[in-house]
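Undergrad: need a structure here:
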Amino acid sequence: MVAQRLGQSDVPKIRERIERQFYQSWARSFLSIKAFSDLRTTLETVKEAGLKIALFSDFPIEQKPATLEIADLVDFAITSEESGYLKPSKHAFELLLQHIDAAPSEILYVGDSYTKDCQGAKQAGMHAALLGKRPHSQAPDADLVAATWKELAALIL
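TA: All right, here's what the predicted structure looks like:
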């Protein structure tokens, strides 16, 4: 589609440019991202409670769990791109649901984007928690709003 839009006929060349300019640069930039404070502690508490942890991302996910130092806590990780859609598309979240042995109503999806994460999860029938400093009144589709992982843990456990 990009090749057509650019009026190019060399699809492999366009694909290689997209890979290099977008995905490879994104993967390199992600290596410097630091985890939110209390992320690991919260996820350890979640695991101790017997709950499962899945990661769902719009971008390649291969290095994210290790970079965030939570790989040993994650039960499942997948990227929405495998569905052919990005968040908040209901189709992207349906891909996640196909890989999780739980009903949508049994899942709490936690994200830091109200539009992409909360609204997308709600469209798929999941509960949604928004992590950030936005007041709950500005996030009506979020079931929970927490400023920090520590606050979220206090609300759900």
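Undergrad: only C-alpha atoms from now on, for both contacts and neighbour counts.
TA: OK.
Undergrad: so how many other residues sit close to F36?
TA: Taking other Cα atoms under 10 Å as the criterion, the count of residues near F36 is 10.
Undergrad: these two touch, right, it and G132?
TA: No. Taking contacts as Cα atoms under 8 Å, F36 lies outside contact range of G132: 10.5 Å.
Undergrad: find the residues that touch each one of the two.
TA: Both F36 and G132 are in contact with T148, where contact means Cα atoms under 8 Å, 6 or more residues apart in numbering.
Undergrad: if I look at L86, how far off is L39?
TA: Using Cα to Cα, to the nearest Å, L86 is found at 24 Å from L39.
Undergrad: same deal with F59?
TA: In terms of Cα to Cα, F59 sits 20 Å off from L39.
Undergrad: kindly report the same for I53.
TA: 12 Å.
Undergrad: and if you look at Q98?
TA: To L39, Q98 is 26 Å away according to Cα to Cα.
Undergrad: who has more neighbours, the two?
TA: A direct count of neighbours by other Cα under 10 Å for Q98 and L39 places L39 higher, at 17 against 10.
Undergrad: the more buried one is in contact with A153, isn't it?
TA: No. Using Cα under 8 Å, L39 makes no contact with A153, being 9.6 Å away.
Undergrad: can you tell me the number of residues neighbouring L68?
TA: Using other Cα under 10 Å, L68 has 17 other residues around it.
Undergrad: my error: substitute Y109 in the last question.
TA: Per other Cα under 10 Å, the neighbour tally for Y109 reads 22.
Undergrad: I'd say it and M126 touch.
TA: Yes. Using Cα under 8 Å, Y109 is in contact with M126, at 6.7 Å.
Undergrad: quick one, grab the pLDDT at E82.
TA: Per-residue confidence (pLDDT) for E82: 85.
Undergrad: OK, contacts around the residue nearest to S37 when sequence neighbours are not counted?
TA: Nearest residue to S37 in three dimensions, chain neighbours excluded: W149, at 7.0 Å (Cα to Cα, 6 or more residues apart in numbering). Applying Cα under 8 Å, 6+ apart to W149 gives the contacts 36-39, 42, 131.
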